[in-house]
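# Sequence and predicted structure below; questions after.
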Amino acid sequence: MTKPAKPNTMEIAGQPAVISYVPEIDMFRGKFLGLSGYCDFVSDSIQGLQKEGELSLREYLDDCSAAGIEPYTKQEKIKTFTLRYPESFGERLIRAAAESQVSVNAFIVETLNERIKHV
């Protein structure tokens, strides 16, 4: 069994961002992690991503400051639990997480969060 590929990430002004290629626009898109809102940026090069990311993050932080909004997500205490599942499910889970470009843990949490929203 192979490990899923880690998503492409880079750090811009101390803030992590996930980077993906968007073939429809033939550009790279970055999305900052750990922010309370959505902040992304696009460029056709890695150097451009750095520049556009810094600009986008600065504008996001300025907007949050002007609106009195906390720009960063608050860190919660992490809880753990044991999950038992069939071995065949594990391979499907790893594949689904890799296709979503997140870790298996993040995929499970995101999936459960979506399901809980509808309860």
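Structure received.

# Check which helices and strands the longest helix along the chain sits against.
In the chain, taking DSSP state H as the definition, the longest helix is helix 46-67. Applying 3 or more Cβ pairs under 8 Å, 6 or more residues apart in numbering; DSSP states H and E, one finds that helix 46-67 makes contact with strand 8-12, strand 15-22, strand 27-32, strand 40-43. C-beta coordinates here come from the backbone N, C-alpha and C atoms, glycine included.

# For the next helix or strand after that helix, buried residues please.
Next in sequence after helix 46-67, counting helices and strands by DSSP states H and E, comes helix 87-99. Judged by neighbour count using 16 or more other Cβ atoms under 10 Å, the buried positions of helix 87-99 are 93-94, 97-98.

# Just put the residues you listed in TSV and tack on distance to Pro23 and pLDDT.
Supplementary listing: the buried residues of helix 87-99 in TSV, determined by distance: Cβ to Cβ, whole Å; pLDDT from 0 to 100:
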residue	distance to Pro23	pLDDT
Leu93	26	91
Ile94	24	89
Ala97	22	87
Ala98	18	86
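
# Look up how far Ser103 lies from the most far-flung residue of the chain relative to its centre.
In terms of distance from the mean C-alpha position of the chain, Pro86 ranks first, at 27.7 Å (Cα atoms, centre = their mean). With the distance defined as Cβ to Cβ, to the nearest Å, Pro86 ends up 20 Å from Ser103.

# so how many other residues sit close to Gln15?
Neighbour count for Gln15, taken as other Cβ atoms under 10 Å: 19.

# hmm, who's touching the host helix or strand of Asn105?
Under the criterion DSSP H and E, the helix or strand holding Asn105 is helix 104-117. Applying Cβ atoms under 8 Å, 6 or more residues apart in numbering, the external contacts of helix 104-117 come out as 4, 83, 93-94, 96-97, 100, 102.
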